[in-house]
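Enquirer: Predicted coordinates and the sequence they were generated for:
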Amino acid sequence: MADVRQESEQFQNGQIACYAEYGLHAVKNMAGSVGFVNLPQDPATQALLEKASADCNARFPLPSFLADKTLTDTAYGRMIDTRDCIVAHGFEVPEPPSAETWKDSDWQSAWNPYDDLVVGQNALAQDKLFALAQACPQPGPNFQILAPTSDY
């Protein structure tokens, strides 16, 4: 988990610094991504965002643990580590499916220990969810979003 946190932090810090070079103020988002608050929607800003996104995404690509969409034993192990981290922080998370059931899923619908904490009656407030995501980074691409570019 410490390696995942470090990779996530390096990615976010690199992206934020890169966007700052373009005069864009990026902030840390959940799941190790970066985003923008109150970004103007005018054509000039959107064109700048496209240019910056292409550069920043190339210079600071997703960490491998977020970019890999293959459901493997290693990826399943990362999900279990994340679940254990969430539970250690005092939150209840349902038991995971078996490794075989999880690997047979499509990555977009595969079980994620954050699922019940994002939606439903157990959903956490954004600030609590963000703090938990910083402590226990999400181990896969399920909620990871790069800033948009026309290249994607």
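Expert: Alright, I've got the coordinates.
Enquirer: lowest average confidence, helix or strand, in the protein?
Expert: helix 64-67 (a mean of 66; mean pLDDT, DSSP states H and E).
Enquirer: Give me the buried positions along the helix or strand following that one.
Expert: Using DSSP states H and E, the next helix or strand after helix 64-67 towards the C-terminus is helix 73-88. Along helix 73-88, these residues count as buried under the neighbour rule (16 or more other Cβ atoms under 10 Å): 75-76, 78-79, 81-83, 85-86. Using the backbone N, CA and C atoms, a C-beta is placed for each residue, glycine as well.
Enquirer: could these go into JSON lines alongside pLDDT and distance to Leu129?
Expert: Supplementary listing: those in JSON lines, determined by pLDDT from 0 to 100; distance: Cβ to Cβ, whole Å:
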{"residue": "Ala75", "pLDDT": "82", "distance to Leu129": "22"}
{"residue": "Tyr76", "pLDDT": "87", "distance to Leu129": "23"}
{"residue": "Arg78", "pLDDT": "86", "distance to Leu129": "19"}
{"residue": "Met79", "pLDDT": "88", "distance to Leu129": "17"}
{"residue": "Asp81", "pLDDT": "91", "distance to Leu129": "18"}
{"residue": "Thr82", "pLDDT": "90", "distance to Leu129": "13"}
{"residue": "Arg83", "pLDDT": "93", "distance to Leu129": "15"}
{"residue": "Cys85", "pLDDT": "93", "distance to Leu129": "14"}
{"residue": "Ile86", "pLDDT": "93", "distance to Leu129": "11"}
